[in-house]
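1. sequence and predicted model, in that order:
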Amino acid sequence: MIRFNDITSQVLSYHPKADVALIEKAYVYSAKVHQGQIRLSGEPYLSHPLEAAYILTQLKMDVICIAAGLLHDALEDTNASLEEIRGLFGEETANIVNGVTKISKMQFVSHEQRQAENVRKMILAMSSDIRVILVKLADRLHNMRTLGFQTESKQRSIATETLDIYAPLASRMGINWIKSSLEDLSLFYLEPEIYAKIKDETAQRRGEMEKFMSEVKGILSANLDEPGIQATIKARQKNFYSIYRKMLEQDLTVNQVYDILAFRVIVNSIKDCYAVLGHIHSIWKPVPKRFKDYISVPKANMYQSLHTTVIGPYGQRMEIQIRTWEMNKVAETGIAAHWKYKEEAIATKADEKQFAWLQQLLDWQKNLQDPHEFLESVKMDLFPDEVYVFTPKGEVRAFPKGATIIDFAYSIHSEVGGKCMGAKVNSKMVPLRYELKNGNIVEIITSSKQHPNKDWLKFAKTPKAKTKIRQWIKTEERDESVSLGRSILEKALRHEGLTLTNIFKSEQILAVARELSFLSAEDLVAQIGFGKVSPRQVVGRLKPKLGIKEDTSQGLVRKVVNRFRRPKGADMIKVDGVSDMLLRFAKCCHPLPGERVVGFITRGRGITIHQETCKHIKNAEPDRLVAVSWKPTEKEVYPATLRVTSVERKGILADISTIISQKDANIIHAEIKTTLDNKGIAFFTIEVESYKQLQELMGAIKKVRNVLIVERL
């Protein structure tokens, strides 16, 4: 537990002339009024105000603010009065304590207005003294550190509020270490399994990361020493919540997040900042569009730095921040670095400019009486990476930028998302792809006939929406495949005088399924429907188990195979090195033996052979494409259609027909057209044995006089 001497020692370290008598007086008073009170952890209640006050010393706050930190719960949890605190500790201290108490005792007129009123009352408390929020942040940080002693429902409620309001507010005030701490603690209680996964994975990579950080720091030091730039180089691992956000935004696992390290170069002048940037880009290649100059254009919370992302020594991305010592001070303590209430400090015009964002919040608080309108304005400023919209009842919902109507629908309920067919935004109809904007009032329109489809995955942004859509698609596809698979296997078994109904729950078909590495007969049937297992293969394994012997002259299994007769030439095709699959040829591209082909798993119809360049499989799911080899044979011929464009002349068709005959091809259909500009267009459907023969034939036709273009359709 923090001791009182720890607080005073810290204060005197950054302000040697501080009047710590006021802090001591506040400590004695707090100990008196909280005497006998115990926290859920079993510690004396005084431990909490001591911890909050110590956090304020880490922000290098003045004695009045620290005294208020020691007293911040006195009005709410003891018999102390505001008049007594004002008389003992002065007007400023009393106002801060009163402001923090007002935030703690918020009352909400309705569930829909809860978030809006929450933010409004915090802004009101800040209007007289921004130190109110600094004390509240210190209070919240220590409460989050001891949240484990609360009930699970209370943990989730407090963690959600912290992530929604207090962490972004700490960020907006530039106090990044508090922001990161609040985010990580919230993640611990809201997503404990993910938190543990990130912690374990990063711990396993710690040695590797430390070695990498040391190497990068060494390279930077060596390159900056030569031009004489005095620089301090620091390295750190990004906080867990940042890693979690990256996992969500890019749909990655922990191991796939590589840029979890950040480097910081601190120098003496702005000139050196830009010089260091040039040296870094000469060492490592910068990533396009990942450079940000917050020195020339500072953030609203006064943050200044150069940010660049480069490809590091081992080909992985790494972020480097470059700043001066003064910029680093602001980056670590934010608004407290320019605190105008510090002893012997005088407010300047520069200070007023840096606090302009706060003045904007105060103006909104005064002028926007409607809570929804107020919340929209404040959250756009406080939380720029999120979009806040409203339900028709006025409930506020937060989404990542780029979220669409589909994300909104699934946030209400999975059933609403799955049946969403459109929406009204601000009373106007919009499509499912519509991107949500701050302040939108969204009303979802559903239909019992609607259901999810794959196209939704192209514009859904939230993990919940994407997961639910994928689940539905997988379930639907499996149901269809089971139905088709049962039908195909039923037909195959019928030739054996058997029915699938009698066999489906038998030990024999379960044994066949397990031989083929499936857990159940339904899994086996589903794979038949997907075209990954042939019915002949199943019947062949099932027959001996049912005591059916093969007829050597014309076995029953052969009759089943004949029922699903493979197309001509299929015997020369091998799929992933395996022959004897249920195959068919695509009519869209008419593939030929010898050309580059690929197999596409057609659910319920086996594998369809396409040209490798066929437009119909250009955007196909990778897991439905299989490698195929097709050797030519002299026994079979295949159709191919050619379009020949030529200058019209007498005898040209006869010349082309002669060439086709000379190349041992047969014309099975021909169609001729004449254009207005005296060109002839002839369509020939011919039979050839291989792709090589077709290529030779096309080459020969091109040499015919007056032929302009020969192309395969």
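-> Here it is on my side, so go on.
2. what about the helices in the stretch 451-600 of the chain?
-> Under the criterion DSSP state H, counting those that start in this stretch, the stretch 451-600 of the chain contains helices at 463-494, 500-503, 507-515, 521-530, 535-545, 556-563.
3. most neighbours per residue, which of those helices?
-> Most buried of those by mean neighbour count (mean count of other C-beta atoms under 10 Å) is helix 521-530; its value is a mean of 22. To be clear about C-beta, it is placed using only N, CA and C from the backbone, and glycine gets the same treatment.
4. put the alpha carbons of it into PDB.
-> Backbone C-alpha positions of helix 521-530 (Å, rounded to 0.1, in the frame of the first residue of the first chain) are rendered in PDB as follows:
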ATOM      1  CA  ALA A 521     -22.400 -40.900 -41.400                       C
ATOM      2  CA  GLU A 522     -23.800 -37.400 -41.800                       C
ATOM      3  CA  ASP A 523     -20.300 -35.900 -42.200                       C
ATOM      4  CA  LEU A 524     -19.600 -38.600 -44.900                       C
ATOM      5  CA  VAL A 525     -22.900 -37.800 -46.700                       C
ATOM      6  CA  ALA A 526     -22.100 -34.000 -46.600                       C
ATOM      7  CA  GLN A 527     -18.700 -34.600 -48.300                       C
ATOM      8  CA  ILE A 528     -20.500 -36.600 -51.000                       C
ATOM      9  CA  GLY A 529     -22.700 -33.600 -51.500                       C
ATOM     10  CA  PHE A 530     -19.700 -31.300 -51.600                       C
END
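5. mean confidence for it?
-> What helix 521-530 shows for mean pLDDT is 74.
6. against which helices or strands is that helix packed?
-> helix 463-494, helix 507-515, helix 535-545 (3 or more C-beta pairs under 8 Å, 6 or more residues apart in numbering; DSSP states H and E).
7. how far does it sit from its chain's centre?
-> 33 Å (C-alpha atoms, centre = their mean, to the nearest Å).
8. contacts made by it with the rest, please.
-> With contacts defined as C-beta atoms under 8 Å, 6 or more residues apart in numbering, helix 521-530 is touched by 478, 480-486, 488-489, 504-505, 509-510, 512-513, 516, 518, 533-535, 538, 601, 603-604.
9. mind checking pLDDT for the most centrally placed residue in the chain?
-> The residue lying closest to the centre of the chain (C-alpha atoms, centre = their mean) is Glu249, at 2.2 Å. pLDDT, Glu249: 72.
10. got it, and Ser127?
-> Predicted confidence (pLDDT) for Ser127: 53.
11. likewise Ala68?
-> At Ala68, the model reports a pLDDT of 93.
12. helix or strand next in line after the host helix or strand of it, which one?
-> Taking DSSP states H and E as the criterion, Ala68 maps to helix 63-71. Sequence-wise, the next helix or strand downstream of helix 63-71 (DSSP H and E) is helix 74-77.
13. hmm, who's touching that following helix?
-> With C-beta under 8 Å, 6+ apart, helix 74-77 has contacts from 29-30, 33-34, 37, 45, 80-82, 85, 97-98, 101, 104-105.
14. could I get the buried residue list for that helix?
-> Buried residues in helix 74-77, counted by 16 or more other C-beta atoms under 10 Å: 74-75, 77.
15. next one: stretch 218-225
-> 219-220, 223-224.
16. for stretch 57-67, measure first residue to last.
-> End-to-end distance for stretch 57-67, by C-alpha to C-alpha, to the nearest Å: 11 Å.
17. so what's Leu248 up against?
-> Per C-beta under 8 Å, 6+ apart, neighbours of Leu248: Pro463.
18. do that again at 10 Å, thanks
-> 194, 400, 461-463, 466 (C-beta atoms under 10 Å, 6 or more residues apart in numbering).
19. so which elements touch the helix holding Ala68?
-> helix 4-14, helix 21-33, helix 47-58, helix 82-89, helix 91-104, helix 131-145 (3 or more C-beta pairs under 10 Å, 6 or more residues apart in numbering; DSSP states H and E).
20. now do the fourth one against helix 63-71, angle only.
-> If I follow you right, that is helix 82-89. 130 degrees (axes from the mean of the first three to the mean of the last three C-alpha atoms, to 10 degrees).
21. what pLDDT, on average, does helix 82-89 get?
-> Helix 82-89 comes out at a mean pLDDT of 92.
22. the helix holding Ala68: how far from the chain's middle?
-> For helix 63-71, the distance to the chain centre is 42 Å (C-alpha atoms, centre = their mean).
23. just stretch 671-691 next, same as before
-> 51 Å.
24. turn the buried residues of stretch 218-225 into JSON lines, including pLDDT.
-> Output for the buried residues of stretch 218-225, formatted as JSON lines (pLDDT from 0 to 100):
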{"residue": "Ile219", "pLDDT": "90"}
{"residue": "Leu220", "pLDDT": "90"}
{"residue": "Asn223", "pLDDT": "87"}
{"residue": "Leu224", "pLDDT": "87"}
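25. one step back: Ile175: which of the helices and strands packed on helix 521-530 is closest?
-> Checking the helices and strands packed on helix 521-530 against Ile175 by C-beta to C-beta gives helix 463-494 as the closest, at 28.5 Å.
26. and the closest one, what's its mean pLDDT?
-> Rounded mean pLDDT across helix 463-494 is 75.
27. can you name every helix or strand that it contacts?
-> helix 240-250, helix 405-412, helix 414-418, helix 500-503, helix 521-530, helix 535-545, helix 556-563.
28. who wins for proximity to Gln321 among these?
-> Between Gln321 and the helices and strands packed on helix 463-494, the shortest gap by C-beta to C-beta is with helix 240-250, which sits at 13.7 Å.
29. please state the offset of the helix or strand following that closest one from the chain centre?
-> As assigned by DSSP H and E, the chain's next helix or strand after helix 240-250 is strand 261-267. Its chain's C-alpha centre and that of strand 261-267 lie 26 Å apart, by C-alpha atoms, centre = their mean.
30. now for strand 261-267, which elements pack on it?
-> helix 206-225, strand 232-237, helix 270-283, strand 306-311, strand 317-324, helix 325-333.
31. which neighbours in the sheet does it have, and how are they oriented?
-> As defined by DSSP bridges, the strand partners of strand 261-267 come to strand 232-237 (antiparallel), strand 317-324 (parallel).
32. let's have the ones you listed in JSON lines, adding mean pLDDT.
-> Shown next, in JSON lines, are those (pLDDT from 0 to 100):
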{"stretch": "strand 232-237", "mean pLDDT": "88"}
{"stretch": "strand 317-324", "mean pLDDT": "90"}
